[in-house]
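Colleague: A structural model of the following input is requested.
(chains A and B)
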Amino acid sequence: MPDTEWPRYEVFKQDRPNRPHEAVGTVHAPDPEMALLNARDVFVRRPACHSLWVAPQDQVLTMTALEMELNPAWAEETVPEDAPVRTFHVFTRQHQRRTMVAATHVGQIQARTHREALRKALEQGEFTDRPVYLWMIVPADAITGSREEDVESLFRPAEEKHYRDQSYYSGRVFDKKALKRREREVA
Amino acid sequence: MTGQLDAQLQQALADRLLALADDEVILGHRDAEWTGHAPILEEDIAIANLAQDEIGHALIWYQLREDLTGRDPDETVYFRDASAYRNVQMVELPKGDWAFTMLRQYLFDVYERLLLDRLVASTHAPLAEAAAKIRREEIYHYRHTSTWVERLALGTEESHRRMQDGLDRLWPFAAQLFVAGPGDGALAAAGIFPDLSELQQAWEATVRPFLEQAELTIPQAEPLTVGRERHTHWLPILLGEMQVVARVETPETAW
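Modeller: As a prediction, this is how the structure comes out:
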């Protein structure tokens, strides 16, 4: 059966203006604009957000430290001399805690290919003060981002909404005593 | 004029708020019927968000009406029969396919967005404040649904056909959004609520070129111009489902 699934987009979310973008997951979408809208609905229903980026997953190089170690040939490639130099955004994961964030934006690199960007990142050592467990290399020209004027309509309303964990509703919600008890706890 | 309204204006405003709220709560309910059934997971989440937003907007309008009339929003929604509802027929029609749902939402979103653009300048301060709050979400709804309408209309042969079928069915109903009630003239004269015929012109000036650009044909059908007290048989069926839990539970049930 043919694969009728829409392509995947990586989603990068910036919580506040002076915070880095973080890789929070993926959405399916037929095109970048719908990917951006889907990202908003899936990842920004409640928490704060200032900016969203989406990029087609097939244009993002994702590599773990283990993959690089097991396959040292990852770095080998023939780069055409006349290939244009582009800007690549570099995301890394430098811890092994369980979090919702896969990788965090740490900077940019000028390079001709994804792998060249990653080689340079390793050589420069700028992003490797601590061990890096995961790299994500995203070409700037593959990113579709929300704009400053989108903040009011895309993200601001979510901040004013109540967010309750599932556990808030646990127990006997029909039991008035339980409800009173919960109200006291909240107060 | 931000202070007290005279009794006649107060009644007219209460009636208009009921129309606004009923449109949103019924449309929100129809959208919510997609929960778990939307074409893809991302859209399932999106339509549930959208439904929740519309029901949230309804609550804001019901509360403004409560300030004028003392009528409790829950009572208003769950213990009124179809004949007392003042929504337009367009929002009570069954959810249909995804093209129908997106097109209905688009036609309504353009109306609501243009309405809110005007309501933020209402001489009645509580209305202006509510409009400013709701408007931000509506800008997003409009972006979402217009994106879908455009893509389906210009997509495959089948998606285009479904979108055209939806437009053929919905277009006559949309005109009912602009049918004035008995008190609407006085509200417009007092700058409380916009003039509906001007709103209709603005709406047509937006949707017509958009739909034509999406290669859809606007049907030449007789517009629906009956008052909001008239409903299709779909409304009592919808209300039966929407109200059943509230009506079978005792009033003391805590949620």
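Colleague: so where does the residue of the stretch 101-250 of chain B found nearest chain A fall, helix or strand?
Modeller: Chain A sits closest to residue B:139 of the stretch 101-250 of chain B, with a gap of 3.8 Å, by CB to the nearest CB. All C-beta atoms are positioned from the backbone trio N, CA, C, and that covers glycine. Applying DSSP states H and E as the criterion places residue B:139 in helix B:125-153.
Colleague: cool, residue A:26 as well?
Modeller: Element membership of residue A:26 [criterion: DSSP H and E] is strand A:22-28.
Colleague: what mean pLDDT would you report for the next helix or strand after that strand?
Modeller: Using DSSP H and E, the next helix or strand after strand A:22-28 towards the C-terminus is helix A:32-43. Averaging pLDDT along helix A:32-43 gives 94.
Colleague: Helix A:32-43 and chain B in contact?
Modeller: Yes. Shown here: helix A:32-43 in contact with chain B (CB under 8 Å from any CB of the partner chain) through A:33-34, A:37-38, A:40-42.
Colleague: Flag every buried residue along that helix.
Modeller: Buried residues in helix A:32-43, counted by 16 or more other CB atoms under 10 Å in any protein chain shown: A:32, A:34-43.
Colleague: same check, this time on stretch A:90-108
Modeller: Buried residues in stretch A:90-108, counted by 16+ other CB under 10 Å: A:90-93, A:101-106.
Colleague: between these, which is closest to chain B?
Modeller: Of all those, chain B sits closest to residue A:102, with 18.2 Å by CB to the nearest CB.
Colleague: which non-adjacent residue is nearest that closest one?
Modeller: Spatial nearest neighbour of residue A:102, chain neighbours left out: residue A:23 (4.2 Å); criterion: CB to CB, 6 or more residues apart in numbering or on different chains.
Colleague: and that neighbour, what does it touch?
Modeller: By CB atoms under 8 Å, 6 or more residues apart in numbering or on different chains, the contact list for residue A:23 reads A:10-12, A:91, A:101-104, A:136.
Colleague: before we move on, the earlier item: my read is that the residue of the stretch 101-250 of chain B closest to chain A contacts residue A:155, right?
Modeller: No. Under the criterion of CB atoms under 8 Å, residue B:139 makes no contact with residue A:155, lying 11.8 Å away.
Colleague: Between those two, tell me which one has more neighbours.
Modeller: More crowded of residue B:139 and residue A:155, by other CB atoms under 10 Å in any protein chain shown: residue A:155, with 23 against 19.
Colleague: Would you check how far apart residue A:161 and chain B are?
Modeller: Plainly put, residue A:161 is 8 Å away from chain B if you go by CB to the nearest CB, to the nearest Å.
Colleague: Wasn't that residue part of a helix?
Modeller: No. Going by DSSP: H, G, I helix; E, B strand; the rest coil, the assignment for residue A:161 is coil, not a helix.
Colleague: got any ranges where chain A has weak pLDDT?
Modeller: A:1-2, A:46, A:163-167, A:169-183, A:185-187 (pLDDT under 70).
Colleague: Going along the chain, name the helices of it.
Modeller: Assigned by DSSP state H, the helices in chain A fall at A:32-43, A:65-70, A:114-124, A:156-159, A:176-186.
Colleague: Mind giving me the packing neighbours of the third one?
Modeller: Where contact means 3 or more CB pairs under 8 Å, 6 or more residues apart in numbering or on different chains; DSSP states H and E, helix A:114-124 is packed against strand A:61-64, strand A:86-93, strand A:103-111, strand A:134-139.
Colleague: Kindly reformat the ones you listed as TSV containing distance to chain B.
Modeller: Supplementary listing: these in TSV, determined by distance: least, CB to the nearest CB, whole Å:
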stretch	distance to chain B
strand A:61-64	21
strand A:86-93	22
strand A:103-111	21
strand A:134-139	20
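Colleague: near chain A, which residues of the stretch 101-250 of chain B?
Modeller: Applying CB under 8 Å from any CB, we find that the stretch 101-250 of chain B lies next to chain A at B:136-137, B:139-140, B:143-144, B:147, B:151.
Colleague: top of the residues you listed by neighbour count?
Modeller: Top of these by neighbour count (other CB under 10 Å): residue B:144, with 24 neighbours.
Colleague: who are the neighbours in contact with it?
Modeller: Each residue near residue B:144 by CB under 8 Å, 6+ apart is listed here: A:37, B:46, B:50.
Colleague: Just the closest of those to residue B:172, please.
Modeller: Of all the contacts of residue B:144, residue B:50 has the smallest distance to residue B:172: 24.2 Å, by CB to CB.
Colleague: Next, the contact list for residue B:99, please.
Modeller: Counting by CB under 8 Å, 6+ apart, residue B:99 has contacts B:152, B:159, B:162-163, B:165-166.
Colleague: Show me just the buried residues among those residues.
Modeller: B:152, B:159, B:162-163, B:166.
Colleague: Make sure residue B:197 is actually in contact with residue B:178.
Modeller: Yes. The pair residue B:197 / residue B:178 is scored as a contact, 6.8 Å apart, by CB under 8 Å.
Colleague: Low-confidence regions, chain B specifically.
Modeller: Within chain B, the ranges that satisfy pLDDT under 70 run B:1-3, B:254-255.
Colleague: in stretch B:234-245, what's buried?
Modeller: Buried residues in stretch B:234-245, counted by 16+ other CB under 10 Å: B:234-235, B:238-239, B:242.
Colleague: Run a quick neighbour tally on residue 130.
Modeller: Answering for chain A, as no chain was given. Neighbours around residue A:130, by other CB under 10 Å: 9.
Colleague: that answer is for a different chain, and I need it for chain B
Modeller: 22.
Colleague: ok so, going back, tell me the angle of the helix holding residue B:139 relative to helix A:32-43?
Modeller: For helix B:125-153 against helix A:32-43, the angle by axes from the mean of the first three to the mean of the last three CA atoms, to 10 degrees is 130 degrees.
Colleague: And the next helix or strand past helix B:125-153?
Modeller: Next along the chain from helix B:125-153, counting by DSSP H and E, comes helix B:157-174.
Colleague: Bridging across strands, which residues link to the most centrally placed residue in chain A?
Modeller: For chain A, the residue sitting closest to the mean C-alpha position, by CA atoms, centre = their mean, is residue A:23 at 1.6 Å. Under DSSP bridges, the beta-bridge partners of residue A:23 are residue A:12, residue A:103.
Colleague: Would you mind confirming that residue B:148 makes contact with residue B:106?
Modeller: Yes. Counting by CB under 8 Å, residue B:148 does reach residue B:106; the two are 7.4 Å apart.
Colleague: Near the closest residue to residue A:116 other than its chain neighbours, how many other residues are there?
Modeller: In space, and not counting its chain neighbours, residue A:116 is closest to residue A:79: 6.0 Å by CB to CB, 6+ apart. A count of nearby residues for residue A:79, using other CB under 10 Å, gives 11.
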